Structures are given as C-alpha cells and as structure tokens.
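Visitor: sequence unknown, structure follows:
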C-alpha cells in the first residue's frame, strides 16, 4: 500500500508499506529509497537535469491522445504529462506511435474524425432499428410448445 507523505515541487512522495521504501514520480520509476531525504534529492536532481528541456506536445497516431513531453531521463526515456495531469514515463515501444503536435494541421484531422464518428453512431442506430423490426415466433414460444408440463 502506498501512503502519501508530502507533495514536493509538484511531485507526490509516497511511502510504500509493503516494500518499506519512499517513492516519488520523479525517480527512475520503480526505484525507491529507505531515506526520505534521498527521495527529495532525487527530485532536485530531476529538476536540475531537466531545467534546460523545453516541453512540447505530441499526439498519438492511433487514438489522437494529446500529451506534453515534460522531460528526458538520464537513460534517454521521456517523461510526459497526460490530459488528466498524470506524470508518466513514455516507453521506448510507444515512441513510434506519437508525432509532434502540429496545431491546425492535426486539428483538421480531429474535426474529420469527429464527423465520421457521428456518421458511424447514426449507422449503428439504424442497424439497431432494422433488427428491432424483425418479427416472428420467439425461441421461448417455440420451446413452450414442445415442452410438456
């Protein structure tokens, strides 16, 4: 179980009761420390290493998810913030699914996909209406005729 201890420079510091270690988002994900001070130092180090990094927006090609790349770790992996404000690490596997967000050009695609989704929703409703028009004896009625009580 993780217990929130403190919010330090925008990062939550937790105490993991099962591993008896302090953990924070800024650390190298999955690593912790028995020392609260070491975790704070890790956050300070994170800000020092990312002080010259200029955040940028990226968009996922498969679903249009917009994220903000907020830093780069020593091992070369990116940290990002999603639309809900959650800070996470971008896996190397997922890097190929994101492109740099290009405002107006990408917004055109969003508008068209939103339009196509409305058409798709209408088509689904029409299919449901067609199926609702099917008439005849139900399986339950047929079963009642064959089963002797």
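Guide: Good, I have the coordinates. Only a predicted model underlies this, so the values are computations on that prediction, with no experimental measurement involved.

Visitor: residue 18 - nearest residue in space that isn't next to it in sequence?
Guide: Leaving aside its sequence neighbours, residue 18 sits nearest to residue 1 (C-beta to C-beta, 6 or more residues apart in numbering; 6.5 Å). For every residue, glycine as well, the C-beta is placed using N, CA and C.

Visitor: check residue 40 too.
Guide: Nearest to residue 40 is residue 8, by C-beta to C-beta, 6+ apart, at 5.8 Å.

Visitor: the one you found against residue 14, yeah?
Guide: No: if you go by C-beta atoms under 8 Å, residue 8 and residue 14 don't touch, sitting 11.2 Å apart.

Visitor: give me the common contacts of these two.
Guide: Residues touching both residue 8 and residue 14 by C-beta atoms under 8 Å, 6 or more residues apart in numbering: residue 24.

Visitor: mind checking how far the residue most central in space within the chain is from residue 58?
Guide: Against the mean C-alpha coordinate of the chain, by C-alpha atoms, centre = their mean, the closest residue is residue 82 at 6.5 Å. Separation of residue 82 from residue 58 (C-beta to C-beta, to the nearest Å): 11 Å.

Visitor: picking that back up, ok, residue 8 and residue 14, which is more surrounded?
Guide: Neighbour count, other C-beta atoms under 10 Å: between residue 8 and residue 14, residue 14 has more, with 19 against 15.

Visitor: make sure the more buried one is indeed in a strand.
Guide: Yes: Residue 14: assigned to a strand according to DSSP: H, G, I helix; E, B strand; the rest coil.

Visitor: which residues touch it?
Guide: By C-beta under 8 Å, 6+ apart, residue 14 lies in contact with 2, 3, 4, 5, 22, 23, 24.

Visitor: related to what we said a few turns ago, got a pLDDT number for the residue nearest to residue 18?
Guide: Here the pLDDT value assigned to residue 1 is 84.

Visitor: ok, it touching residue 15?
Guide: No: Residue 1 is beyond contact range of residue 15, at 9.1 Å (criterion: C-beta under 8 Å).

Visitor: of the two, which one has the most company?
Guide: Ranked by neighbour count (other C-beta under 10 Å), residue 1 and residue 15 place residue 15 first, with 18 against 7.

Visitor: which strand residues bridge that one?
Guide: Residue 15 has these beta-bridge partners by DSSP bridges: residue 3, residue 22.
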